[in-house]
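Visitor: Fold the following, please.
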Amino acid sequence: MTAKLIRNAYEAALTMTAVLLSWGIALWLEGAEGLHTDVLVLAVALTLTLSSTQRTADTRRRLTALVVLPVTAGASIFLGRLLASHYTLGAAVYTAGMALAVWIRRYGPAATKIGTLLALPLVALLVVPGPALPPTAQSGLVTWGWSALVGALACGGVWLVQGLGDRYGPRPWRAVPAPDQPPRRSRLHPRPSTRMALQMAAGIAAAFVVGRLFFDDHWPWVVLTAYVAASGNRGRTDVLRKGVERLAGATVGTLLAAGVAAAGATGDTAVALMFAVLAVALWLRPLNYAYWAAGMTCALSLLLGYFGQNAPHLLPTRLEGIAVGAALSVASAWWLLPVPRARRQPVRGTTSPVS
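Guide: Now for the predicted structure:
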């Protein structure tokens, strides 16, 4: 356990170094070009989500990321505008995009990795509070061109830090790429990838509907949890476990955020605390997903406070949204073409660190 904690700390340090590098470059761009503050959030979110997927990537995968991520990051900005102006149409496009990222797994490891890259900006869209901001604030949000540039910068920052870590870091902890294993043929019909794509689509679509009806502008919390619980589906029990862990972690994160709010942390202090919380959550995430859920809930609370929202007041609503989103994903996985654990297709999921 001690060796694992030390290894986790090393990997978390690499990720946070890349995050701070991307954040610093985005901060410079914000001041130099007069961009909106959400460019900082986008840089952090993309770097966090990209770090784990690129840890053992070869040159081909990295070049693929350099093409796919900026394009999808720019496209996600248009999707965010669509969600803000035409919610139903935007929700349909978002749901189709997430389902596609899962469905293309049938074409092998390379397609699975492309699907993961397609999903990353869509997950980041739920973290960056663009679609949920008031209309008067949305006009100043980062444009698609800057988003694409931030996606490219996130790729460069992650590769630079991880490359230096592998070159000069401790030899036992250097990442070794694992050979891609071809997907095993399944006799299940429809195929597991099709079943998981339909489950993802059903859970996210229901989350969009319920989120809009009962949570107003806070619908992203419901949708994000529905995605997290369903991603990397290893069967009904796995989805239930992840839903429970996310809810438990979010409850602890709510208590942490309440304590931070009571201490009156604002401005630069809140930003520093947010990065510290993310670092600890990254360190403990491999032990149990609940640690990451707790850290993300606390960090996002600090972020909402930075954007001027009454974060402590919204925390109970956040917990309700997380519980509803988890329940929708569990229901979809259990009753819509469930994937038997013994027959599941052995492919990597699209779970990203930011989720």
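Visitor: All the helices of the stretch 51-200 of the chain, in order from the start?
Guide: Using DSSP state H, counting those that start in this stretch, the helices of the stretch 51-200 of the chain run over 59-85, 87-103, 109-127, 135-138, 144-168, 192-215.
Visitor: Nearest to residue 10, out of these?
Guide: Among the helices of the stretch 51-200 of the chain, the nearest to residue 10 by Cβ to Cβ is helix 144-168 (7.8 Å). From N, CA and C alone the C-beta is placed, and that goes for glycine too.
Visitor: Contacts for stretch 275-294, please.
Guide: Residues from elsewhere that reach stretch 275-294 (Cβ atoms under 8 Å, 6 or more residues apart in numbering): 4-5, 8-9, 11-13, 15-16, 19-20, 48, 242, 245-250, 252-253, 256, 295-296, 298-299, 302, 353.
Visitor: Just the ones of those residues in helices?
Guide: Counted as lying in helices by DSSP state H, out of the contacts of stretch 275-294, are 4-5, 8-9, 11-13, 15-16, 19-20, 48, 242, 245-250, 252-253, 256, 295-296, 298-299, 302.
Visitor: doesn't residue 226 make contact with residue 206?
Guide: Yes. Between residue 206 and residue 226 there is a contact under Cβ atoms under 8 Å: 7.3 Å.
Visitor: Common neighbours of those two, please.
Guide: With Cβ under 8 Å, 6+ apart as the test, residue 206 and residue 226 both reach residue 328.
Visitor: still on that earlier bit, and the helices of the stretch 51-200 of the chain as a markdown table, adding mean neighbour count, mean pLDDT and distance to residue 267?
Guide: Formatted as a markdown table, these follow (neighbours: other Cβ atoms under 10 Å; pLDDT from 0 to 100; distance: least, Cβ to Cβ, whole Å):
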| stretch | mean neighbour count | mean pLDDT | distance to residue 267 |
| --- | --- | --- | --- |
| helix 59-85 | 19 | 88 | 26 |
| helix 87-103 | 19 | 95 | 33 |
| helix 109-127 | 23 | 86 | 21 |
| helix 135-138 | 12 | 48 | 19 |
| helix 144-168 | 20 | 90 | 23 |
| helix 192-215 | 22 | 92 | 28 |
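Visitor: In JSON lines, list those helices along with distance to residue 270.
Guide: Formatted as JSON lines, these follow (distance: least, Cβ to Cβ, whole Å):
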{"stretch": "helix 59-85", "distance to residue 270": "24"}
{"stretch": "helix 87-103", "distance to residue 270": "29"}
{"stretch": "helix 109-127", "distance to residue 270": "16"}
{"stretch": "helix 135-138", "distance to residue 270": "19"}
{"stretch": "helix 144-168", "distance to residue 270": "22"}
{"stretch": "helix 192-215", "distance to residue 270": "24"}
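Visitor: Between those helices, which one is closest to residue 39.
Guide: Per Cβ to Cβ, nearest to residue 39 of the helices of the stretch 51-200 of the chain: helix 144-168, 6.2 Å.
Visitor: and that closest one, what does it pack onto?
Guide: Contacts defined by 3 or more Cβ pairs under 8 Å, 6 or more residues apart in numbering; DSSP states H and E place helix 144-168 against helix 2-33, helix 38-53, helix 59-85.
Visitor: repeat that with 10 Å
Guide: Under the contact criterion of 3 or more Cβ pairs under 10 Å, 6 or more residues apart in numbering; DSSP states H and E, helix 144-168 touches helix 2-33, helix 38-53, helix 59-85, helix 109-127.
Visitor: closest one to residue 43 among the helices of the stretch 51-200 of the chain?
Guide: Closest to residue 43 of the helices of the stretch 51-200 of the chain, according to Cβ to Cβ: helix 144-168, at 5.1 Å.
Visitor: and the contacts of stretch 275-294, which are buried?
Guide: Neighbour-count burial (16 or more other Cβ atoms under 10 Å) applied to the contacts of stretch 275-294 gives 8, 11-13, 15-16, 19-20, 48, 242, 245-247, 249-250, 252-253, 256, 295-296, 298-299, 302, 353.
Visitor: Quick one: closest of the helices of the stretch 51-200 of the chain to residue 26.
Guide: Across the helices of the stretch 51-200 of the chain, residue 26 has its closest neighbour in helix 144-168 (6.3 Å, Cβ to Cβ).
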